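Colleague: build me a structure from this.
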Amino acid sequence: MPRVAVEDNNRMSLRIRAEEKSLLLRAVALKHTDLTDFVVRHALAAAKDIIAQAEHIQLSGRDSLRVLDLLENPPEPNARLIAAAHALPRQS
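Modeller: Take a look at the predicted model:
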């Protein structure tokens, strides 16, 4: 049966196996915290790591030098770049 949408978006329900919940509860007891705080804290840390990895560009030494060289000595614009620039709307 579908659930009715709730305006208060502060809750999240999870279904996990009994062994997984037991493992979480054991960790909670060792950390002297509650289950919600433990799960949220660790899920947020994992989410931040995943986002940082996805948004971070790792260049090799050679590639870093190439980017710096292109910034200091940009190539002349080709015909396609000039056409694209002319196609942009004029700003007043």
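
Colleague: which SSE is the spatially most central residue of the chain in?
Modeller: What sits nearest the mean C-alpha location of the chain, by C-alpha atoms, centre = their mean, is residue 51, with 2.0 Å. Assigned by DSSP states H and E, residue 51 falls within helix 35-55.

Colleague: name the residues that touch the helix or strand that that helix is followed by?
Modeller: Once the chain leaves helix 35-55, the next helix or strand it forms, by DSSP H and E, is helix 61-72. Under the contact criterion C-beta atoms under 8 Å, 6 or more residues apart in numbering, helix 61-72 has outside partners residue 59. No exception for glycine: its C-beta is placed from N, CA and C like everyone else's.

Colleague: just stretch 38-51 next, same as before
Modeller: Here stretch 38-51 has contacts from 14, 24, 27, 28, 31, 33, using C-beta under 8 Å, 6+ apart.
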